[in-house]
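[1] No sequence on hand, only this structure:
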């Protein structure tokens, strides 16, 4: 068997955005691959028709789409290569272009050019469109497409390009830039006059717009734009009459009711909301608003994660994880170490699939599901699932594509072997990857990998970097300590950072060493990103049992982390139950910096300059603290990268990152 190579991720294809056509005769999805020569990702739309897969577009920029009718797709982008090159140079983005293409063949045609950035298009029966579009404070009239006004806006941007004026928190978002206060409004596009009408109010930020089944109303979630955005709360569910544009508020967040999402059913409006009992990480329950009475009632208690939180480094793009068919709700949910599809019907929740791994996104037509899954310890593929009519678990699961089969043919793929450890009153679930050509009579170095979140999970999926290390001759071990997702209240780690979670991880490590005598306890290494980076920083201040560690996109100081993350101003308080003014001693006690003077372990730091989730100064501080105390350390910083470096960064940067970590471990191995 051939070992997995460090750059094998460049061979993989990533699937996303699966959608059935209105009548279910076809389905479309996006396939993304890496262009190594140009050091970028190329995304194209593919179509499933008559059980055959056809590549529909080839420009490489088509990351999202929607069906206009049974034979036509609409997608955003810029198909002119010359304009595309100029667009990449120009940071003043105003116009949005949307193209349509027939599934029967032919080239994509320019369908619409809108004067402002548009994020969502909803066709109306009369041929007009409802749009979600950007509103720029101080230049709210850009949607009118007045040439003089647009010129004034561009001049303003150019004159102020060296400044950022911040008037709200948070002021930036990871993977993007400074928000500049831009928010989303609702617009009507007159296709004959090619003119926009602004429907919502000034400083009314909207999202999740949906058209009622009778085509007479719009529903959306609305928040007020203000200096401090509510991290929890502040949402209103609104209804708008399409003819009069009159708004009605159907539901509002309260002190014990926080809306996140909604869907339109036959009998009412399904609302996903939490009671905030576990702070920011509280999972959703299901509520129902009656169309006629407008009254809301609890539909089903759930309290588990919606969507997949199973970690992996071989995804690119997203897709829907909740679908409604009449009055039945199908949704993906993470339970323990896997994400599967569940069904909510008549207030009762039951599983539809029990597939090891992760259902990343799916669509359903009648009783046929198309799902993009991480299954069989392989990269993503498209699967068909037949929903049983008797309420049993689906057994008819068929793989439809083989996009990644050739990339891993004859390679050594380590099976994630379950290894759990009993704690006082609960169990920590984990996994072990055995090294290539494993011989129980030999000794092997060990890499402990800690996931981010902390409200995510490790599961039985293909993880490229872990498989690469197993092919390099390492045991790779990973677990889901307290704070992880998929087990209800188990994820509540507020005020406990560095306590019970650290103890869980060390107990898992000890159990792994006991279970596998071939693991060399004198050759232990550790790494983790985000929360895993926090834990890495914590570990080096509390034990010196590792020969070397790699801390990635980490948190080191909760004081300096206060207010700077794109998660929001309340993040530090929520996670630590303390802030710099109220119980500062507790806040400092959860900061790895407090214990940096005890560190002895050689530590590599990986950080990105545009990481606005865990800003780069967190790495700077811990690095400087180790230097001050004479600990061997190294800091590698990436330009034009953010918190997603290891998952969607430039291919060369992802390769550099993985090589840096591996080299750090290799050079510190005890020979």
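    Arrived safely. Keep in mind that this is a model prediction, so the values were computed, not measured. Residues are numbered from 1 along each chain as shown.
[2] tell me what the one helix or strand residue 222 maps to is packed against?
    Assigned by DSSP states H and E, residue 222 belongs to strand 217-224. The contact analysis (3 or more CB pairs under 8 Å, 6 or more residues apart in numbering; DSSP states H and E) places strand 217-224 against strand 204-211, strand 235-241, strand 258-264. C-beta: built from backbone N, CA, C; applies to glycine.
[3] Export those strands as TSV, with columns for distance to residue 441.
    Supplementary listing: those in TSV, determined by distance: least, CB to CB, whole Å:
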stretch	distance to residue 441
strand 204-211	58
strand 235-241	60
strand 258-264	53
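[4] Nearest to residue 191, out of those strands?
    Comparison of the helices and strands packed on strand 217-224 against residue 191 by CB to CB identifies strand 204-211 as nearest, at 16.0 Å.
[5] What residues sit buried inside the closest one?
    Judged by neighbour count (16 or more other CB atoms under 10 Å), strand 204-211 contains these buried residues: 204-211.
[6] which helices and strands does that strand pack with?
    strand 118-123, strand 129-135, strand 183-190, strand 217-224, strand 258-264.
[7] Could you point out which of those strands sits nearest residue 246?
    strand 217-224 (10.2 Å).
[8] tell me the mean pLDDT over the closest one?
    What strand 217-224 shows for mean pLDDT is 96.
[9] How far off centre is that strand?
    Relative to its chain's centre, strand 217-224 lies at 23 Å (CA atoms, centre = their mean, to the nearest Å).
[10] Make TSV out of the helices and strands packed on strand 204-211 and add mean neighbour count.
    Listed next are the helices and strands packed on strand 204-211 as TSV, based on neighbours: other CB atoms under 10 Å:
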stretch	mean neighbour count
strand 118-123	18
strand 129-135	22
strand 183-190	21
strand 217-224	20
strand 258-264	18
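[11] re the thing from before, could you single out the nearest of the buried residues of strand 204-211 to residue 425?
    Using CB to CB, residue 208 comes nearest to residue 425 of the buried residues of strand 204-211, at 39.2 Å.
[12] Leaving aside the residues adjacent along the chain, what's closest to the closest one?
    residue 221 (5.0 Å; CB to CB, 6 or more residues apart in numbering).
[13] coming back round to it: nearest to residue 389, out of the buried residues of strand 204-211: which one, please.
    Distances from residue 389 to the buried residues of strand 204-211, taken by CB to CB, are shortest for residue 210, at 28.3 Å.
[14] Give me the pLDDT value at the closest one.
    Value listed for residue 210 in the pLDDT field: 98.
[15] Run through the stretch 201-350 of the chain and note the low-pLDDT ranges.
    229-232 (pLDDT under 70).
[16] For it, which segments are assigned as helices?
    Applying DSSP state H, counting those that start in this stretch to the stretch 201-350 of the chain gives no helices.
[17] Over to the stretch 351-500 of the chain?
    Taking DSSP H, counting those that start in this stretch, the helices of the stretch 351-500 of the chain run over residues 464-471, 500-515.
[18] Among these, which comes closest to residue 272?
    Using CB to CB, these put helix 500-515 closest to residue 272, at 27.3 Å.
[19] residues making contact with the closest one?
    With CB atoms under 8 Å, 6 or more residues apart in numbering as the test, helix 500-515 has contacts from 419, 421, 423, 428, 430, 432, 446, 448, 450, 454, 475, 477, 479, 481-483, 493, 519, 521, 524, 535, 538-539, 542-543.
[20] do stretch 20-31 as well
    Residues contacting stretch 20-31 (CB under 8 Å, 6+ apart): 13-19, 43-49, 55-56, 62-65, 67, 69-70, 73, 103, 317, 319, 363-366, 368, 370, 372, 382, 403.
[21] cutoff 6 Å now
    Applying CB atoms under 6 Å, 6 or more residues apart in numbering, the set of residues contacting stretch 20-31 from outside is 13, 15-19, 43-49, 67, 70, 317, 363, 365, 370.
[22] just the buried members of these?
    13, 15-19, 43-48, 67, 317, 363, 365, 370.
[23] and the residue nearest to residue 208, bridged to which residues?
    residue 207, residue 237 (DSSP bridges).
[24] what about it, distance to residue 296?
    14 Å (CB to CB, to the nearest Å).
[25] And for residue 286?
    Residue 286 is 11 Å from residue 296, by CB to CB.
[26] give the contact list for the residue nearest to residue 208.
    By CB under 6 Å, 6+ apart, residue 221 lies in contact with 207-208, 235, 237.
[27] ditto for residue 225
    So residue 225 contacts 183, 203, 205 (CB under 6 Å, 6+ apart).
[28] Go again with 8 Å.
    Neighbour list for residue 225: 137, 168, 181, 183, 203-205 [criterion: CB under 8 Å, 6+ apart].
[29] Out of these, name the two that are farthest from one another.
    Put simply, by CB to CB the two of those set farthest apart are 168 and 204, 14.6 Å from each other.
[30] okay, now residue 641: neighbour count?
    Burial measure for residue 641: 23 neighbouring residues, criterion other CB atoms under 10 Å.
[31] you'd agree it is in a helix?
    No. Remark: residue 641 does not belong to a helix; assigned using DSSP: H, G, I helix; E, B strand; the rest coil, it is coil.
[32] Who is the closest residue to it other than its chain neighbours paired with across the strands?
    Nearest residue to residue 641, sequence neighbours excluded (CB to CB, 6+ apart): residue 608, at 3.8 Å. Beta-bridge pairing for residue 608 (DSSP bridges): residue 638.
[33] list the buried ones in the host helix or strand of residue 560?
    Taking DSSP H and E as the criterion, residue 560 maps to helix 558-561. For helix 558-561, the neighbour count (16+ other CB under 10 Å) marks 558, 560-561 as buried.
[34] just curious, which of those is nearest to residue 598?
    residue 558 (17.8 Å).
[35] For the closest one, give me its contacts.
    Contacts of residue 558 by CB under 8 Å, 6+ apart are 572, 576, 587-588, 590-591.
[36] I'd like the distance between it and residue 574.
    For residue 558 relative to residue 574 (CB to CB), the value is 12 Å.
[37] can you give me the helices in the stretch 501-650 of the chain?
    Going by DSSP H, counting those that start in this stretch, the stretch 501-650 of the chain shows helices at 531-540, 558-561, 571-576, 584-589, 617-628, 645-648.
[38] highest average neighbour count across those?
    Highest mean neighbour count of these: helix 531-540, a mean of 28 (counted as mean count of other CB atoms under 10 Å).
[39] contacts for that one?
    With contacts defined as CB under 8 Å, 6+ apart, helix 531-540 is touched by 449-454, 483, 497-498, 501-502, 505, 526-528, 546, 549-556, 592-593, 595-596, 599-601, 603, 614, 622, 626, 631.
[40] ok, now with 7 Å
    For helix 531-540, contacts defined as CB atoms under 7 Å, 6 or more residues apart in numbering pick out 450-454, 498, 501-502, 505, 526-528, 549, 551-556, 592, 599, 601, 603, 614, 622.
[41] Just the buried residues of those.
    By neighbour count, with 16+ other CB under 10 Å, these hold 450-454, 498, 501-502, 505, 526-528, 549, 551-556, 592, 599, 601, 603, 614, 622 as buried.
[42] Tell me the buried residues in stretch 340-356?
    By 16+ other CB under 10 Å, the buried positions in stretch 340-356 come out as 340-344, 349, 352-353, 355-356.
[43] Of all pairs in these, which one is the farthest apart?
    344 and 356 (22.8 Å).
[44] Any regions of this protein where pLDDT drops low?
    Counting by pLDDT under 70, the low-confidence segments of the chain come to 79-93, 229-232.
[45] how does it look with 50?
    Applying pLDDT under 50 to the chain picks out residues 82-83, 86-87, 89-90.
[46] all strands of the stretch 401-550 of the chain, in order?
    Shown for the stretch 401-550 of the chain, the strands assigned by DSSP state E, counting those that start in this stretch span residues 417-418, 421-423, 426-433, 444-450, 475-480, 519-529, 548-552.
[47] what's next to the last one, contact-wise?
    When you say that, I think you mean strand 548-552. Residues contacting strand 548-552 (CB under 7 Å, 6+ apart): 525-529, 533, 536-537, 539-540, 601-606, 622, 661, 664-665, 668.
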